[in-house]
Each structure stands twice: as structure tokens, then as C-alpha cells.
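Structure, please.
(one chain, ligands or ions: 2)
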Amino acid sequence: MTRDIVLTSTDIGIHSHEELIGRINTLKKEMNALILAHYYTVPEIQQVADIVGDSLALARAAEKNDADVIVFAGVYFMAETAKILNPEKQVLMPDAYAGCPLADSCPADDFRTFKRQYPGAIVITYINSTADIKALSDITCTSSNVEQIIRQIPEEQQIIFGPDRNLGGYISRKLGRKMILWQGYCYVHDAFSEPYILKACREHPDAELIAHPECREEVLKHAAFIGSTKALLEYTVSSSAEKFIVATEPGILYEMQKRSPRKTFIPAPKDPKTPYSVCTQMKQNTLEKLYECMLNRKPEIVIDETLRLASLGSIRKMLEMTPV
Ligand code: 13P
Ligand code: SF4
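Numbers count the residues shown, from 1 in each chain. Ligands and ions are numbered 1, 2, ... in the order given. Below is the predicted model:
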């Protein structure tokens with residue numbers, strides 16, 4: 001769902017980009033606010049954020065800070081996680097309709113029924129899920145720490161993993177560990193397919209293919225490196241390769257290019273049968289909406305206290321199992 005009114009700087013009485021940035025910075029000080037942004041947001045948002053990171057880094061930043069207000073430029077589950085961890089803080093997001101279709105692909109009632117089929121199983125859930133799903137889970141994880149968490153679960157323990165089947169499948173193959181997978185997927189990462197990835201590799205024989213584990217197995221099997229958004233970024237800095245085909249959301253190319261200005265980054269081509277390999281929800285975060293949400297202190301994340309407490313346990317467990 002997208003908002004039908006797209007605000008422009010002129011609509012809010014601001015006439016230059018510099019003026020808008022200046023007003024955001026002034027409000028930030030006045031409110032004692034912390035602006036968090038995911039790597040998939042547009043560069044202007046990343047430039048104004050206090051912390052830019054992947055899901056794990058942002059969850060950790062949301063957990064430990066002295067701000068009174070957290071402004072979360074990402075998607076809904078990220079801001080919701082920040083609120084679950086900080087009930088006393090005001091958590092704002094520029095566009096409350098910036099949801100995550102992967103999280104929405106796992107309705108709580110269906111997941112409850114699914115879970116009932118495996119009564120002895122432990123439930124490990126990707127952070128890209130709703131608070132209701134986190135409340136039904138034992139441990140939350142992100143693509144950065146999923147492996148570290150699953151390695152700590154005894155071999156004989158049955159695991160339900162959801163909602164991303166590609167991430168679950170990847171880790172299951174990597175660790176030789178059978179898991180019961182919920183069949184959700186991220187439309188952005190699932191948009192890459194083998195023939196078009198191989199075509200790109202043929203066109204750029206000097207480039208290394210790197211991929212996020214939310215991509216399909218048919219893509220991952222050709223990758224020189226697989227990792228979370230942050231791991232991919234760090235790999236491009238440390239690798240001796242000069243050119244990369246990047247199979248993840250292209251927002252990360254901004255930071256990759258910034259850290260390695262002389263290297264070349266090619267966004268992986270999507271399969272023409274799929275509509276997007278860009279996260280349109282992340283791109284709903286604009287500077288104008290960021291300013292407006294700070295000015296009006298809304299949209300604000302509000303969560304029922306019973307649900308908050310029920311979902312907090314699985315997030316806390318993740319943070320305890322993977323200390324910094
Ligand atoms: P990470 O930030 O953990 O790499 O996850 C990617 C993603 O799709 C976020 O929604
Ligand atoms: Fe959700 Fe995929 Fe967008 Fe991440 S990139 S927010 S998983 S739709």
C-alpha cells in the first residue's frame with residue numbers, strides 16, 4: 001500500500017535540499033532524536049541518518065542509545081522491533097505504509113496452525129516478521145546472525161524456520177541441518193534467476209558475483225560470496241576483486257561505492273518475468289516524509305503492551321545468543 005499524496009519540499013514551505021537537511025538536523029537536536037536508516041533506503045536518507053546499517057546493526061542501535069525519540073527509516077517491522085525494545089521512547093517512521101511483503105506473507109493464524117503440526121520444534125524466526133509472529137517464536141534472527149544462532153541449537157532439536165524459505169534453505173544446506181520451512185520469500189531477492197545471473201557473469205567475466213542469502217539456491221550456487229547486507233559490504237572492501245555483480249537490493253551500492261570508490265558495482269539483473277528487484281517499500285522513505293514525521297511526531301509506532309511483552313522474549317534471546 002502506498003500513500004496517495006507525495007509531499008514535496010515546496011509543499012512544506014521549504015525551497016532547497018540544504019534547507020530541508022538543516023531543518024531535519026535542528027529538529028533532531030531539539031527532540032534528542034536518533035535517525036536510523038537501512039542500507040536499502042535512498043542515498044539522501046542514508047546521508048542524514050545517525051546510523052546506517054543492516055537489520056541486526058539497527059536492532060542493536062535501537063536497543064542501546066540515549067535518545068528520547070527514534071526515527072526509523074526502514075520498513076514497519078524494523079520500527080516495530082525498535083518500539084518493542086524501547087517502550088518508553090517515541091518511535092516514529094516516515095511512512096507507516098512502508099511494510100515488508102515477506103513479513104506480511106506469514107499471517108499469525110496460519111503460522112500458529114503450521115506450528116501445531118510440530119509440537120516439539122523450536123521456532124526460529126527471521127526478524128522480517130510481525131510482532132505477532134515474534135510472539136509465537138522462541139528466537140528471532142537476522143541474516144547476519146542466523147548461522148551463529150542455529151549452531152547453538154542441539155543437533156537432535158527439530159527447528160521450524162520462517163518466514164523466508166530461501167534464507168532457511170541456504171542455512172539448512174550450509175549446516176547440513178534439516179529444518180521445517182515456512183514458504184515465504186522476499187520479492188526483491190527472489191527476482192534473480194539463474195539464466196540472467198549467468199548472462200551477467202558472461203558479460204562481465206572479470207566480476208565476482210556476490211549474493212544475499214534471501215536469493216534463490218539457483219543463484220546462490222554461483223556466488224563467490226554469500227552474506228547479509230553488511231557482510232556483502234565488508235566483503236567488497238576486503239576482496240581483491242575490482243568488479244562485483246551484486247545480487248541484493250541495489251540501495252547498498254551507495255555505501256559500497258562510497259567505501260571503494262575505485263571499484264565497479266553492477267546491480268544483478270532481475271528475471272524479466274518478475275516486476276521488481278528494488279524494494280519499493282524501502283524507497284517510500286523520502287527526506288520530506290522524514291522531516292514531516294519529525295515535525296508532527298507521527299506516524300508513531302504504537303504496540304499493545306501484552307503483544308510487546310510476548311514478542312520481546314524472542315528478540316532478547318537473539319541479542320543474548322549473539323553478543324557484540
Ligand atoms: P539484512 O539487513 O539482514 O541484510 O536483511 C536484508 C533485508 O531484506 C532487510 O529487509
Ligand atoms: Fe522485505 Fe525484501 Fe524489502 Fe527486505 S528487501 S524489506 S525482505 S521486501
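
Which residue would be the closest one in the stretch 101-250 of the chain to ligand 1?
Residue nearest to ligand 1 within the stretch 101-250 of the chain (CB to the nearest ligand atom): Thr229, separated by 3.3 Å. C-beta here means a position set from N, CA and C on the backbone, and glycine is covered the same way.

what about that residue, distance to Ser55?
Noted for Thr229: a distance of 8 Å to Ser55, by CB to CB, to the nearest Å.

between those two, what contacts are shared?
38, 143 (CB atoms under 8 Å, 6 or more residues apart in numbering).

tell me which parts of this structure are close to ligand 1?
Applying CB under 6 Å from any ligand atom, we find that the chain lies next to ligand 1 at 54-56, 100, 128, 142-144, 186, 214, 228-229.

check those residues against ligand 2, which are close?
100, 128, 186.

Against which helices or strands is the helix or strand of the chain with the lowest mean pLDDT packed?
Counting by mean pLDDT, DSSP states H and E, the chain has its least confident helix or strand at helix 55-63, which shows a mean of 93. Under the contact definition 3 or more CB pairs under 8 Å, 6 or more residues apart in numbering; DSSP states H and E, helix 55-63 sits against strand 33-38, strand 51-53, strand 69-73, helix 76-85, helix 229-238, helix 305-321.

how close does the residue nearest to the spatial centre of the chain sit to Ser105?
In the chain, the centroid-proximal residue (CA atoms, centre = their mean) is Ser55; its distance is 4.7 Å. From Ser55 over to Ser105 the distance is 17 Å, taken as CB to CB.

Please apply the same query to Ser314.
Ser314 is 18 Å from Ser105, by CB to CB.

more neighbours, these two?
Neighbour totals were compared for Ser314 and Ser105, and Ser314 leads with 24 against 20 (other CB atoms under 10 Å).

who in this structure is up against ligand 2?
Close to ligand 2, as judged by CB under 6 Å from any ligand atom, the chain has residues 40, 75, 100-102, 128, 186-188, 249, 279, 281-282.

Among the residues you listed, which ones are in helices?
Among the residues of the chain next to ligand 2, DSSP state H puts 101-102 in helices.

Can you select the buried ones from the residues of the chain next to ligand 2 in PyMOL?
Only the buried members of the residues of the chain next to ligand 2 end up in this PyMOL selection, burial being decided by 16 or more other CB atoms under 10 Å:
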select buried, resi 40+75+100+101+102+128+186+187+188+249+279+281+282
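
how about the residues of the chain next to ligand 2 in a markdown table, adding pLDDT and distance to Arg151?
Converted to a markdown table, the residues of the chain next to ligand 2 look like this (pLDDT from 0 to 100; distance: CB to CB, whole Å):
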| residue | pLDDT | distance to Arg151 |
| --- | --- | --- |
| Tyr40 | 98 | 27 |
| Val75 | 98 | 28 |
| Cys100 | 98 | 26 |
| Pro101 | 98 | 29 |
| Leu102 | 98 | 24 |
| Asn128 | 98 | 21 |
| Cys186 | 98 | 24 |
| Tyr187 | 97 | 29 |
| Val188 | 98 | 27 |
| Glu249 | 98 | 27 |
| Cys279 | 98 | 29 |
| Gln281 | 98 | 31 |
| Met282 | 98 | 30 |
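
Of the residues of the chain next to ligand 2, which is the nearest to Arg23?
Proximity of the residues of the chain next to ligand 2 to Arg23 (CB to CB) peaks at Met282, which lies at 22.9 Å.

That closest one contacts Gly251, correct?
Yes - using CB atoms under 8 Å, Met282 is in contact with Gly251, at 6.3 Å.

quick one: common contacting residues for these two?
38, 40-41.

Closest one to ligand 2 out of those residues, please.
Tyr40 (5.9 Å).

Val246: which element?
Here Val246 sits within strand 243-247, counting by DSSP states H and E.

in that strand, what counts as buried?
Residues of strand 243-247 classed as buried: 244-247 (neighbour count, 16+ other CB under 10 Å).

For Thr140, give the beta-bridge partners.
Thr125 (DSSP bridges).

in its sheet, what does the strand holding Val246 sit against?
Strand 243-247 has these strand partners (DSSP bridges): strand 208-211 (parallel), strand 264-267 (parallel).

Just say which of those is most tucked in.
For these, the largest average neighbour count (mean count of other CB atoms under 10 Å) is found in strand 208-211, namely a mean of 23.

mind saving the C-alpha coords of that one as CSV?
What follows is strand 208-211, C-alpha atoms only, in CSV (Å, rounded to 0.1, in the frame of the first residue of the first chain):
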residue,chain,number,x,y,z
GLU,A,208,32.7,-11.5,-8.8
LEU,A,209,29.1,-12.5,-8.1
ILE,A,210,28.1,-11.8,-4.5
ALA,A,211,24.6,-12.6,-3.2
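
So which residues make contact with the next helix or strand after it?
Scanning forward in sequence from strand 208-211 by DSSP H and E, the next helix or strand is helix 217-220. Helix 217-220 is contacted from outside by 166, 169-170, 173, 192-194, 197, 211, 213, 226, 247, 268, using CB under 8 Å, 6+ apart.

Just the mean pLDDT for helix 217-220, thanks.
The average pLDDT within helix 217-220 is 98.
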